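[1] Predicted coordinates and the sequence they were generated for:
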Amino acid sequence: MFRLVTITIMLSFAFSISAFSQLNATLFAQIEYDFNINDVWGHVAEDGTEYALVGTQFGLSIVRINEDGVEEVDFIDGTSSTWRDIKTWDHRAYVSTEANDGLLVVDLQHLPDSTSHYFWKGQIPGLGNSFSAHNIYIDEFGVGYLPGGNLNEGGTILVDLTDPDTVTYLGKTRPVYSHDVYARNNLLYSSDLYAGGFSIQDVSDPTDIKLLAFHPTTFDFTHNTWPSDDGNTLFTTDERANAYVGAYDISDLDNIKELDLFRPASSLGNGVIPHNVHIYQDWSVTSYYTSGTVIIDISEPDNMIEVGNYDSFQGQDGGFNGCWGAYPYLPSGLVLMSDRGNGLFVFEPNYVNAARLEGTVRESEQGQPLFGATIEIQALEEVTKTVTSGIQGGFKTGKAIPGDFVIRVTKEGYKPHEEVVNFANGEMRIIDVILEKQPKFNITLQVLDKDGQAFKNANVFIDGPAYQLATTSDEAGTVPLEGISADAYKVYAGTWGEYIINEFNINNDLPITLQTEQGYYDDFTFDFGWEVSGNATSGVWEKTDPDGAQLFNSFNCSPEDDIEDDISNECFVTGNADNGNSLNDDVDDGFTLLSSPAIDLSGYINPVLDFNYWRCSFSEEVVFFKALATSGTDTVELQNLLNDGNIDGQWRAAEPIALKEFFPEAETIQLHFKVEDLSTDFDQAIEAAVDGIIIYETGTTGVADLNIEQAFVYPNPFTNELFIQRSEILTGKNLNIEIFNNVGQLVQRSFLVAGESRINTGSELPQGVYFLSIKSDGIVAANAKVIKL
């Protein structure tokens with residue numbers, strides 16, 4: 001029964017190929033379904049024709065692969081289910097499901113012309129009929145393993161599949177829920193999900209199965225395991241947000257050791273969930289929800305390196321969308337990848353061994369090893385992992401793309417070290433890094449207010465690689481900086497209503513003077529007196545370094561960090577439970593209101609409010625999260641912050657708000673962020689956060705100019721040059737560029753003729769935050785916020 005439209009995509013279809021990210025992988029073909037799919041396996045007919053066996057919500061799809069692409073040749077209906085798993089033995093496919101269909105057995109020998117099938121619901125002695133199983137694996141002896149079923153408390157059932165016309169019960173493991181299994185050489189590797197680890201069992205006698213070892217995995221939710229070809233290393237996944245692919249030395253079952261933990265560098269902290277790991281020779285081919293298939297060089301299991309990827313999912317990271325399974329065992333070398341919502345992808349991998357780097361970091365005076373040094377490979381073509389040196393100063397890293405690349409090694413209190421290393425695939429480079437201590441100085445920081453007078457009791461925060469200080473200036477507006485190393489530092493000084501953010505380099509004992517400017521900025525480095533009120537019983541606003549919390553151990557519902565590139569690590573968040581469960585400290589049974597100190601708008605022509613926010617909720621209908629403002633007795637809604645219905649939380653930039661549109665005459669206003677639980681019949685997960693609040697002058701006289709797009713300007717931050725990526729409304733036009741500082745003062749103008757994109761600000765423009773007003777034909781066409789270093 002055909003329920004889909006078949007789409008074949010060859011290499012000439014450049015748009016579809018380029019729409020997805022990839023490294024050492026090329027799309028061969030794709031087929032879309034009009035319903036969700038799940039796992040995928042492969043089959044090779046006697047004539048060499050390759051097939052994809054695709055588990056779908058409503059049955060099994062059989063797809064032929066040839067030089068022209070892919071085509072579905074048969075579909076076998078089944079009861080609706082999220083889970084189907086497929087394995088093959090001889091010319092039969094065996095399909096498990098949790099839909100109580102029993103075990104589907106399909107005869108594939110007459111493909112592509114026809115198939116036949118039956119469902120097995122065998123009677124298990126002492127247990128009853130086997131109706132369901134979460135998974136299936138078949139070993140080299142034709143023994144089938146059915147874990148996660150309706151019998152044996154989810155423990156694995158063993159069956160004989162060597163007779164193609166019948167399934168015979170052989171035995172069962174201990175009654176401990178197993179989510180997935182792998183078997184070889186009479187050893188069963190069981191992913192004991194709820195027990196939090198993997199077990200290894202002797203199944204040489206199915207009637208007397210013996211437990212040989214059990215070992216926990218890092219997130220206590222072992223979803224899948226697969227051993228190396230030599231059987232000495234076991235690779236694992238935990239089906240949890242931000243979890244690892246683990247590598248464990250199992251050569252001695254009495255002394256199992258963790259060797260390495262891998263996460264894709266490009267999605268660290270984004271809540272990405274690893275699903276299934278499959279080992280093919282020197283590589284792990286691992287499926288990740290929302291991040292596609294990642295190919296990892298595991299030839300040195302204590303230093304796993306990503307060497308390829310293909311991502312079929314273009315949505316937000318986190319959650320259970322995207323790639324479910326990846327099958328790398330076809331003779332052609334093609335990889336079959338199932339994407340839950342986007343269908344079957346067939347891609348050609350380019351398997352390469354990693355270009356590896358190892359070394360030791362030592363200090364220059366005594367040659368002692370340095371622990372905790374950071375080693376980065378500076379490469380634009382790929383995102384590489386950042387590693388730190390161990391107790392003996394050693395480190396291991398690597399990359400996929402060969403060539404000459406800069407290695408940067410840093411440690412607090414030491415001069416950064418950079419050197420060029422030639423990386424070659426399949427080869428090891430070894431370096432010995434010597435770090436010199438930074439010289440230290442005693443200097444005085446002078447803080448002046450906006451009028452040029454000594455700014456006493458100013459809040460001051462200084463941040464650098466080896467130095468951090470939070471303090472206030474004395475009566476003379478000075479701050480002594482003692483024992484501060486030569487380096488680059490960021491400073492934030494001021495109070496509510498005037499401030500400065502700047503950077504400076506220290507390489508001598510000369511004093512440094514900073515002067516604040518009028519303006520409002522708050523990333524909650526300092527306590528400017530925001531007030532919290534409301535009647536919620538939990539999840540009230542608090543200023544803190546957020547710990548992060550997940551919903552169902554999978555969705556990032558509360559932030560683990562504040563916004564990037566601000567000064568401190570704090571923000572305001574609704575509850576900050578340290579147990580990692582969003583439901584334990586989210587907003588419940590009322591509202592929580594965060595209110596700013598008073599804001600004086602009298603000196604502004606057209607002030608604009610920017611801020612960043614985070615929110616997570618199941619249903620927009622039972623949650624109230626809005627930015628409000630008051631002036632006297634007047635309250636207005638500035639922005640509704642529930643705007644896309646995505647459960648998974650992430651930091652977002654609010655739309656710029658022209659405050660004079662709401663308060664054309666008011667001189668003083670107050671901001672409010674209100675989060676309210678409107679649910680009545682169930683516990684709704686409701687989390688929110690705010691950070692990076694700034695009010696700036698646009699430099700325009702009309703509020704209509706704010707209904708414009710935000711220009712893409714790069715690089716940002718920048719030094720002396722900026723480039724504008726011209727959108728459709730900017731293409732082919734002369735542009736007048738006005739640059740304003742953070743208090744709305746015009747500091748520079750530029751003119752670009754049609755076709756030009758480069759803005760040279762020059763070195764005379766001080767470091768800080770600036771706002772670009774881009775005019776065409778006398779009308780503001782775009783804005784941008786930039787940071788000059």
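    The structure has been received and is ready for your questions. Residues are numbered from 1 along each chain as shown.
[2] which residues touch the residue nearest the centre of the chain?
    Geometric centre of the chain, nearest residue: residue 270, 2.1 Å, by Cα atoms, centre = their mean. With contacts defined as Cβ atoms under 8 Å, 6 or more residues apart in numbering, the neighbours of residue 270 are 242, 317-318, 556. Quick note: C-beta positions are derived from backbone N, CA and C, even for glycine.
[3] ok but it is inside a helix, no?
    No: counting by DSSP: H, G, I helix; E, B strand; the rest coil, residue 270 falls outside a helix, being coil.
[4] Contacts only, for residue 49.
    Taking Cβ under 8 Å, 6+ apart as the test, what residue 49 contacts is 64-66, 111-112.
[5] of all those residues, which comes closest to residue 432?
    Each of the contacts of residue 49 was checked against residue 432 using Cβ to Cβ; the closest is residue 65, at 49.7 Å.
[6] Surely the closest one and residue 347 touch.
    No: contact criterion Cβ atoms under 8 Å: residue 65 and residue 347 do not qualify, at 11.7 Å.
[7] Quick check: neighbours shared by the two?
    residue 334.
[8] Farthest pair within the contacts of residue 270?
    Once Cβ to Cβ is applied, the contacts of residue 270 give 242 and 317 as the farthest pair, at 10.0 Å.
[9] shared neighbours, the two?
    270-272.
[10] Any chance of these in TSV with pLDDT and distance to residue 257 as columns?
    Compiled in TSV, these are given as follows (pLDDT from 0 to 100; distance: Cβ to Cβ, whole Å):
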residue	pLDDT	distance to residue 257
270	83	29
271	85	29
272	92	26
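[11] can you put the residues you listed in a markdown table and add distance to residue 666?
    Shown next, in a markdown table, are the shared contacts of residue 242 and residue 317 (distance: Cβ to Cβ, whole Å):
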| residue | distance to residue 666 |
| --- | --- |
| 270 | 41 |
| 271 | 41 |
| 272 | 45 |
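[12] Which single one of these is nearest to residue 490?
    Among the shared contacts of residue 242 and residue 317, residue 270 lies closest to residue 490 (Cβ to Cβ), at 25.5 Å.
[13] can you tell me how far that closest one sits from residue 28?
    28 Å (Cβ to Cβ, to the nearest Å).
[14] do the same with residue 782
    Plainly put, residue 782 is 41 Å away from residue 28 if you go by Cβ to Cβ.
[15] Ok, residue 62 next?
    18 Å.
[16] Ok, residue 697 next?
    For residue 697, the distance to residue 28 - Cβ to Cβ - is 55 Å.
[17] swap in residue 312?
    From residue 312 to residue 28 the distance is 13 Å (Cβ to Cβ).
[18] Who are the contact partners of residue 741?
    Residue 741 makes contact with 517, 747, 768-771, according to Cβ under 8 Å, 6+ apart.
[19] same deal with residue 315?
    Residue 315 makes contacts with 290, 321-322, as judged by Cβ under 8 Å, 6+ apart.
[20] On the three-state scheme, residue 660 is what?
    Assigned with three-state DSSP, residue 660 falls in the helix class.
[21] And for the one 10 residues further on?
    Secondary structure of residue 670, reduced to three states by three-state DSSP: strand.
[22] Thought residue 630 was touching it, still the case?
    Yes: using Cβ under 8 Å, residue 670 makes contact with residue 630 at a distance of 5.1 Å.
[23] Tell me what residue 677 is bridged to.
    Judged by DSSP bridges, the bridge partners of residue 677 are residue 623.
[24] Quick one: neighbours of it, just the number.
    Summarising burial for residue 677: neighbours were counted as other Cβ atoms under 10 Å, giving 25.
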